[in-house]
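Chemist: Turn this into a structure:
(chains A and B)
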Amino acid sequence: MKTVKRALAACAAFLAGSGPAMAAWSDLNLRVGVTPLSRDIHGLHMLILWICVAIAVAVFGVMIYSIATFRKSKGAVPATFDHSTKAEIVWTVIPVLILVGMAIPAAKTLVRIDDSSGADMTIKVTGYQWKWQYEYVGQGVSYYSTLAQASNFARELRSGVDPYSVQNYLLDVDHPLVLPQGVKVRVLVTSADVIHSWWVPDFAIKKDAIPGYINELWILADQAGTFRGQCVELCGRDHGFMPIVVEVKPRAEFDAWLAEQKAATQAANAPATQVALNHVEPAAVRVAAAE
Amino acid sequence: MSATATHVAGAAHDHHDDHGPAKGIMRWLTTTNHKDIGTMYLVFSLLMFLLGGAMALVIRAELFMPGMQIVDPGTFNTLTTVHALIMVFGAVMPATVGLANWMIPMQIGAPDMALPRMNNFSFWLLVAAFSLLILSLFMPGGGPAAGWTLYPPLVLQTGDALPLAIFAIHLAGASSIMGSINIIVTIMNLRAPGMTLLKMPLFVWTWLITAYLLIAVMPVFAGAVTMLLTDHFFHTTFFAAAGGGDPVLYQHVFWFFGHPEVYIMILPAFGIVSEIIPTFSRKPLFGYDSMVYATASIAFLSFIVWAHHMFTVGMPLAGEMFFMLSTMLIAVPTGVKVFNWTATMWKGSLSFEPPMLFALAFLFLFTIGGFSGLMMAIAPVDFQYHDTYFIVAHFHYVLVPGAVFAIIAGVYYWLPKWTGHMYDMKLAKAHFWASAIFVNVLFFPQHFLGLAGMPRRIPDYSTQFADWNMVSSIGGFGFGLSQLLFVYLIWKCVRGGAQASARVWDDAKTEGLEWTVPSPAPYHTFEEAPVVK
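Modeler: Just a heads-up that it's a prediction; the model follows:
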């Protein structure tokens, strides 16, 4: 019944010309994000979108005018011209100029994205079927991040659990990646099995995790908060179920968190306390069972 | 032109009219007639369109709301993979080959295709290919589920379906290459006297260029999948990093095939639309020469843009820059085409028969797909769009209201010529409006989903994506069911209907040799070559 109601509501909203998600413009458009790069990219996206809209208005306008005006039913008599060198030159040259206008800011942004120099810390992200491993390079801190239990239970075929009752359904993990606010972080991305792709929309950059390759991206989050993304390269059965959650904390809080992790790791590595921090196991068993 | 001379000479002999079609099933198994083979290709394509469409509906049903209700994730991956393989290699390509078989000889005044026995072989090889592909669904370990791009290492985890799917691709590729050779030989050798290259209808031109693209890239694809096969069974490590290979190499080779492949699907569509718009605008095609050059430029550019499918693999900056700029260039010849079609309608005298309606929908909606294509060419922004529903929306816009609408327009344009009957215009218009509305309900919201961050190829999604997925699924079912009207209409038209005249569209401006033969076109046409002035 609930489904039917939702379907009807979606239809009604669509027919009324206002999408169900219209309440939030952010649900229709690319988000601005929280890094300098994400803002650049959003700006570029809007620029190109508006150029396309302007061209569309002009071109569709001429098409619609032609369809409305030059109708046989209105007694239109066809002209006989079949080319015009002048017009053809104009509509070759103008698009070239528009493209050059787009290419310049695009190239600038591309160069900026490529420049990961001056990063203060490095994190290595490794993709597995179907979870992520985060390693704070040089800090001795490393852990796995898998889909949160509540989502993992609800997403089973005909689980009977209403996804709306699960908080952050499919976008929640057991151990999020934690990043410091306002620090340039270099992220190295690789994979231990098949190709995955690491993407958090609010950070804008997406990089494939490829076995045998170490790809690089950088993040400078200037806003604290929790940001969510997903694996975006088809990586097998549970591709849809390996989300990414990043918590950006103010520098002091982050430092405290990292110190705590280091202590826990050291404690875990001490011979007498090997029981601690064994959260890797359930997922590892699942990988083995699936293949 | 020696071939034409032979036909003229042949006509001087006594003509024995005793080689009509064989009776029963043998007619179809053994036929070498371009019209029969064209019909078989078109029927095959329609069946595959319905099968691939049914798979898409299962996908859309699963995505109707969050949570897993219908299929498990593995089956979902198989469905997305096989849906794409069937639609690309089983529906769109064979449909354009079917139209080429029917129309190219009739448009250039040739009695048949140049290599009729190979023509028959090409078709039946395709049937074998798809039998293998469909069989692969029932293998231990499930069907192919690594996406139609078959990226390693994931694809190497496929069970027994892998060799079947790869052999299916080999056979379909061989079929395409033979079909292309046939088309090139036919166009180069069997044109009627006076039919110079620059007098050929645009459909013939676009197919000539498409055929060269096919011959260039199909062997590349065959090579790539063969390397997958040896990696899987013979311990080579072309694509295995652990053995010194390179998984990204596969992607380069695949997309060197894959990008021309998308033009293989769309160029014949350009040709069809370039036939229909002048007819129902009652005005010659604007800028014929520039249309030909634009098609050739698009074909050339298609070979140097492939890595725009791979902006996120971690290419060097110079590589990303090159592929971004070369990709943006494609907008120029594509723009020329759209402007030329618009200029053809300008000061024309338009009427809106079903083929024209579909051609107009193509013009608008393909252009929308072109805009999103241009947006994705911009590499830095593509880091956001890549592998989200934005790309799903983009390529479905260029393939469904693009290629598929053009094919439907072509069928509505030439169907009376094939069957000799006019079809039910009211039903065709209903089919048009249902298709044109639902296709937008289906695919337009997917732009929003992609921008909001929904990855492609996921069987279940976060609740924030629920509303637009539901709208899209409703559109999907509407669009899918509308196509049953098309099937019914064709069935009805084959069985009967008002007699069509030779020109079919009597009050429009039909040009071209196909309109000089009676409707239905006799089993053998142009046994004596016409002379083109």
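
Chemist: Just give me the neighbour total for B:G20.
Modeler: 11 (other Cβ atoms under 10 Å in any protein chain shown). (Each C-beta comes from the backbone N, C-alpha and C, glycine too.)

Chemist: My reading is that it is in a helix; is that accurate?
Modeler: No. Secondary structure of B:G20 (DSSP: H, G, I helix; E, B strand; the rest coil): coil, not part of a helix.

Chemist: shouldn't it be in contact with B:Y523?
Modeler: Yes. Judged on Cβ atoms under 8 Å, B:G20 makes contact with B:Y523 at a distance of 5.7 Å.

Chemist: Quick check, central residue of the chain?
Modeler: Using chain A here. Nearest to the geometric centre of chain A sits A:P201, at 3.3 Å (Cα atoms, centre = their mean).

Chemist: look at chain B instead
Modeler: By Cα atoms, centre = their mean, chain B has its centre lying nearest to B:V92, at 3.1 Å.

Chemist: tell me the pLDDT at it?
Modeler: B:V92 carries a pLDDT value of 97.

Chemist: cool, the one 5 residues further on as well?
Modeler: Here the pLDDT value assigned to B:V97 is 97.

Chemist: repeat for B:I25
Modeler: Listed pLDDT for B:I25 reads 88.

Chemist: Kindly report the residues of the stretch 51-200 of chain B close to chain A.
Modeler: Residues of the stretch 51-200 of chain B found near chain A (Cβ under 8 Å from any Cβ of the partner chain) are B:64-69, B:71-74, B:77, B:145-147, B:151, B:153-154, B:157.

Chemist: quick one: which of these sit in helices?
Modeler: Of these, the ones assigned to helices by DSSP state H are B:73-74, B:77.

Chemist: got a markdown table for those, with distance to B:T226, pLDDT and neighbour count too?
Modeler: Formatted as a markdown table, these follow (distance: Cβ to Cβ, whole Å; pLDDT from 0 to 100; neighbours: other Cβ atoms under 10 Å in any protein chain shown):
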| residue | distance to B:T226 | pLDDT | neighbour count |
| --- | --- | --- | --- |
| B:P73 | 29 | 95 | 22 |
| B:G74 | 26 | 95 | 17 |
| B:N77 | 23 | 97 | 28 |
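
Chemist: Now do the strands in chain B.
Modeler: Counting by DSSP state E, chain B yields no residue ranges for strands.

Chemist: Quick check: bridge partners of the residue lying closest to B:G496 once chain neighbours are set aside?
Modeler: Nearest residue to B:G496, sequence neighbours excluded (Cβ to Cβ, 6 or more residues apart in numbering or on different chains): B:H421, at 6.0 Å. Under DSSP bridges, the beta-bridge partners of B:H421 are B:Q499.

Chemist: Distance check, B:H421 against chain A.
Modeler: The gap separating B:H421 from chain A is 24 Å, by Cβ to the nearest Cβ, to the nearest Å.

Chemist: Counting neighbours, what do you get for that residue?
Modeler: For B:H421, the neighbour count with other Cβ under 10 Å is 19.

Chemist: who touches the residue in chain B positioned nearest to chain A in this structure?
Modeler: Going by Cβ to the nearest Cβ, chain A is nearest to B:A241 of chain B, at 2.4 Å. Neighbouring residues of B:A241 by Cβ atoms under 8 Å, 6 or more residues apart in numbering or on different chains: A:210-213, B:247.

Chemist: which stretches of the stretch 1-150 of chain B form helices?
Modeler: Applying DSSP state H, counting those that start in this stretch to the stretch 1-150 of chain B gives helices spanning B:2-12, B:25-30, B:34-62, B:73-85, B:93-108, B:116-136.

Chemist: Quick check: the residue nearest to the centre of chain A touching B:F383?
Modeler: No. With contact defined as Cβ under 8 Å, A:P201 does not reach B:F383; the gap is 10.2 Å.

Chemist: just for chain A, where's the confidence low?
Modeler: Scanning chain A for pLDDT under 70 picks out the ranges A:1-26, A:271-291.

Chemist: And the residue of it that's closest to chain B?
Modeler: Taking Cβ to the nearest Cβ, chain A has A:G212 as its residue nearest chain B, at 2.4 Å.

Chemist: Lowest mean pLDDT among the helices and strands of chain B, which one is it?
Modeler: Least confident element among the helices and strands of chain B, by mean pLDDT, DSSP states H and E: helix B:2-12 (a mean of 40).

Chemist: Check chain B for its longest helix and report it.
Modeler: Determined from DSSP H, the single longest helix within chain B is helix B:247-281.

Chemist: Could I get the average pLDDT for that one?
Modeler: Across helix B:247-281, the average pLDDT comes to 97.

Chemist: quick check, it touching chain A?
Modeler: Yes. Using Cβ under 8 Å from any Cβ, helix B:247-281 comes into contact with chain A via B:247-248, B:281.

Chemist: Just among those residues, which is most surrounded?
Modeler: Neighbours here mean other Cβ under 10 Å. Within the residues of helix B:247-281 next to chain A, the largest count is held by B:S281, at 30 neighbours.

Chemist: gap between that residue and A:P78?
Modeler: 7 Å (Cβ to Cβ, to the nearest Å).

Chemist: Helices along the stretch 51-200 of chain A, start to end?
Modeler: Secondary structure of the stretch 51-200 of chain A by DSSP H, counting those that start in this stretch: the helices cover A:85-114, A:149-154.

Chemist: Out of the ones you listed, which one sits most buried?
Modeler: Comparing those by mean neighbour count (mean count of other Cβ atoms under 10 Å in any protein chain shown), helix A:149-154 comes out on top with a mean of 17.

Chemist: Go ahead and name everything in contact with that helix.
Modeler: Identification of contacts with helix A:149-154 by Cβ under 8 Å, 6+ apart yields A:146, A:159, A:161-163, A:165-172, A:174, A:241, B:67.

Chemist: Next up, the contacts around A:P78.
Modeler: For A:P78, the contacting residues are A:70, B:281-283, B:347-349, B:509, by Cβ under 8 Å, 6+ apart.

Chemist: Can you tell me which of these are buried?
Modeler: Neighbour counting by 16 or more other Cβ atoms under 10 Å in any protein chain shown classes A:70, B:281-283, B:347-349, B:509 among these as buried.
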